[in-house]
Every structure is written in structure tokens, then in C-alpha cells.
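Engineer: Quick one, fold the following:
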Amino acid sequence: MDFVGFEDLKCKDKENSQKVFVIRNDKLGDFILAIPALIALKQAFLEKGKEAYLGVVVPSYTTPIALEFPFIDEVIIEDNHLAATLKNKSIDALIFLFSNFKNARLAFSLRKSIPYILAPKTKIYSWLYQKSVRQSRSLCLKTEYEYNLDLIHVFCKDHDLTNAPLKKIAWELKDKSKERLVIASRLNADAGLLWIGVHMHSGGSSPVLPASHFIKLIGFLHKSLSCEIILICGPGERKATEELLEKVPFAHLYDTSHSLVDLAKLCANLSVYIGNASGPLHVNALFDNQSIGFYPNELSASIARWRPFNERFLGITPPNGSNDMGLIDIEKEGETILEFIAPNLSCHTQER
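Structural biologist: Numbers count the residues shown, from 1 in each chain. Down below sits the predicted model:
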């Protein structure tokens, strides 16, 4: 186990505990935004003097990082035999944190095997679930992690559990200084400077900040601060990131294509994360680092819906409600970013 945090929530008595499984089988950021809900679920049982054995169902891509959380007692990889796997688990309750037709069919196939199944109520196939709750997520009145928490609150009400106050999430890395030296050696970076991670890509189809804007911003921050700039890339992103690196040769490239755990280790060592709205932005939130995210103004991809759950977050959108990310005045926003991160830079330096 490379990370620490919330070890007290690990189930100690599997045989006599309620077995609750949660399904979040979409993208990396979606799974990270489910973490507050998973923690709240475990805390609710403990507040009642009980324990819950918590299982999660995730795609193979997010499995390595799911295995790192001690409060998750079992991780199941989604595959073509998922229904049979879940039927054999003697599960007391199953919670779908998002709904699509595939999940609704799965729930219907499990209705005789699992006594309680809960999901958001969306579209006509919601009747396939035992219980569904209307949330109107498309209106984006809350963040995704708040919608997830609302489902847990429904579960708690149905099971006579009290909603426990949510603890601040601040995951830590064991032997952080050692890991920092390992990463610094790999990148030929100065371990004593502030590290700013930059991820120019996005996991979805929403508009992104142009590479030219990132180049200007990186140059400005490098000139203004004594820092190392680390360009982050994931699967399929290396070529474009190398092209960016040619324009900012003082930066370092960190390829996380092979390991989400390596991405988390890097984020644990960052002082600041900057990027488009994507999975790595949410991974960084686990460590309560400063985060700067570029978002379009379209409702389905908005800050209001998809902001990370860490407190120290700055969201930037194009002016006048536009979705043209090229309209963002990066020189002006660079000053805003510098003002945002500057108050915390001295304390980060003292920590090291």
C-alpha cells in the first residue's frame, strides 16, 4: 500500500457485516468523484456501531487506483460475467451511482438475488431497478459528487442510518520524500523546487484550451516562479505532449499511460495542478492540492457539475458564456492563477 488515509474505515469483520456493493463503471474522473459517497457510506454504518463490507465494480482501467483505497474492501472488474459474479456474492445492497441501459439490464437480472438495488431515475428504463430516485442531473444543479452523496443519503434513510458528516479528503503518500526523489531522478528535475503539473488533454469531447495558450501560461509561470513544470500525459497523449515540450524545453514530460498509481504518486508531490477538466484533475483533488481547471460553458461539462471536490480550486471559462476556449485571455488568467497559488507557495516550501 503506497497511500494512506481512512484506514479506520476498512471492514474488520467480513462475516457479520452488511455487504454493500457500489457500481461506478465509467471513466476515471467519475470514479474519483464517487469517493466522497463511498466514505460517507462507510461512516454512516460506523456512526450506528455497525460495519459495512464495501465492494465496488469498476472498469479495468480504474482498477489499480481503486485497489489502493483501504476503505474499499473488494474491487470487481466489470466484464461479460459480471451478473453471475454478483449473484454469487451474497450481496445485501447494490447501488448504481449512474444509470444507463446496460446498468438497468444488469439490475433487472439481479432483482431476485439482491434484496435492495438503488439507482438514479433516468429515462424510461428506470423501472428495471428495484428503487430509483429522480435527481435531474441533466439540470446540473449540483456537482457530480453531491449527486452521488444524495444517493447514499437515500440508502441511509432506507436502512435507518444517520448521514455522517463528511471528513475532508486528503490522501497522503507513504515515504513521500523518497518517492519524490525517485520521480525527480526519472525526470531529471529538482526535488527542492515547487512542482506544477500541467495536463493539456481531456478525456471527453468537450472543447479544450488550445496548446498555444498552455505554452504562454507555462512560460509565464516558469518566469514568475522558482518551479519545475511537469507535463502529464496518459494513453494516446504522448505525441501531442512531446510537441508541446518542444515549445517549452525547460519542462519535463511524465507519461502515466502505464500506471494510474504513478499518476497518483506524482499528484501527491505536486503543489499545483493545471489542466482541462479530465480524470487527472480529479486524481489531484485526492491530495487536496491546488487545482486550476479550464472548462467550457456548456451545461453538461460545466464547473457547476464537474468541479473536483477539493477546496482549493480555481475554475476558468471563456468570457460571455462562449464555448470557444480560444477566447480565454491567457495573459490575464495567468495573473489570476499566480494570485491564486501564491499565498500557499511559502508553506509548501517549508513542508519540504
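Engineer: Show me the helices in the stretch 251-352 of the chain, by range?
Structural biologist: 260-269, 279-285, 303-306, 330-351 (DSSP state H, counting those that start in this stretch).
Engineer: and the second one, what does it pack onto?
Structural biologist: With contacts defined as 3 or more C-beta pairs under 8 Å, 6 or more residues apart in numbering; DSSP states H and E, the packing partners of helix 279-285 are helix 28-32, strand 194-199, helix 260-269, strand 272-276, strand 290-294. For every residue, glycine as well, the C-beta is placed using N, CA and C.
Engineer: what do you get if the cut-off is 6 Å, keeping everything else the same?
Structural biologist: Applying 3 or more C-beta pairs under 6 Å, 6 or more residues apart in numbering; DSSP states H and E, one finds that helix 279-285 makes contact with helix 28-32, helix 260-269.
Engineer: Could I get the buried residue list for the first one?
Structural biologist: For helix 28-32, the neighbour count (16 or more other C-beta atoms under 10 Å) marks 28-32 as buried.
Engineer: swap in the last one?
Structural biologist: For helix 260-269, the neighbour count (16+ other C-beta under 10 Å) marks 260, 262-269 as buried.
Engineer: With distance to Ala44 as extra columns, can I get the helices and strands packed on helix 279-285 in CSV?
Structural biologist: Listed next are these as CSV, based on distance: least, C-beta to C-beta, whole Å:
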stretch, distance to Ala44
helix 28-32, 20
helix 260-269, 26
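Engineer: Which of the ones you listed sits closest to Glu298?
Structural biologist: Closest to Glu298 of the helices and strands packed on helix 279-285 is helix 28-32 (C-beta to C-beta; 16.4 Å).
Engineer: Can you list the helices and strands that the helix or strand following the closest one packs against?
Structural biologist: Next in sequence after helix 28-32, counting helices and strands by DSSP states H and E, comes helix 35-47. Contact analysis of helix 35-47 by 3+ C-beta pairs under 6 Å, 6+ apart lists strand 52-58, helix 144-158 as its packing neighbours.
Engineer: Could you identify which of the ones you listed is most buried?
Structural biologist: When you average the neighbours per residue for each of the helices and strands packed on helix 35-47 (mean count of other C-beta atoms under 10 Å), strand 52-58 leads with a mean of 24.
Engineer: Regarding the closest residue in space to Ala189 that isn't next to it in sequence, what is its secondary structure?
Structural biologist: Distances taken as C-beta to C-beta, 6 or more residues apart in numbering put Glu228 closest to Ala189, at 4.7 Å, once the chain neighbours are dropped. Of the three states, Glu228 takes strand according to DSSP: H, G, I helix; E, B strand; the rest coil.
Engineer: ok, now how distant is Val57 from Asp73?
Structural biologist: Taking C-beta to C-beta, to the nearest Å as the measure, Val57 falls 13 Å from Asp73.
Engineer: How many neighbouring residues does Phe134 have?
Structural biologist: For residue 134 the amino acid is Arg, not Phe. Number of residues near Arg134 (other C-beta atoms under 10 Å) recorded here: 9.
Engineer: Provide a list of residues in contact with the residue nearest to it when sequence neighbours are not counted.
Structural biologist: Setting aside the residues directly before and after it, Arg134 is nearest to Lys121 in space (C-beta to C-beta, 6+ apart), at 4.4 Å. If you count contacts by C-beta atoms under 6 Å, 6 or more residues apart in numbering, Lys121 has them with 132-134.
Engineer: if you set the cut-off to 10 Å instead, what comes out?
Structural biologist: Contacts here follow C-beta atoms under 10 Å, 6 or more residues apart in numbering; on that basis Lys121 touches 99, 127, 129, 131-136.
Engineer: Which of those residues are buried? Put it as a ChimeraX command.
Structural biologist: This is the ChimeraX syntax for the buried subset of those, where burial follows 16+ other C-beta under 10 Å:
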select :99,129,132,133,135
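Engineer: least confident pick among the contacts of Lys121?
Structural biologist: Least confident entry in the contacts of Lys121, by pLDDT: Trp127, with 84.
Engineer: pretty sure that residue is touching Ala104, no?
Structural biologist: Yes: counting by C-beta atoms under 10 Å, Trp127 touches Ala104, with 8.5 Å between them.
Engineer: What about Ser291, how many residues nearby?
Structural biologist: 27.
Engineer: Does it touch Asn276 like I think?
Structural biologist: No: taking contacts as C-beta under 10 Å, Ser291 lies outside contact range of Asn276: 11.7 Å.
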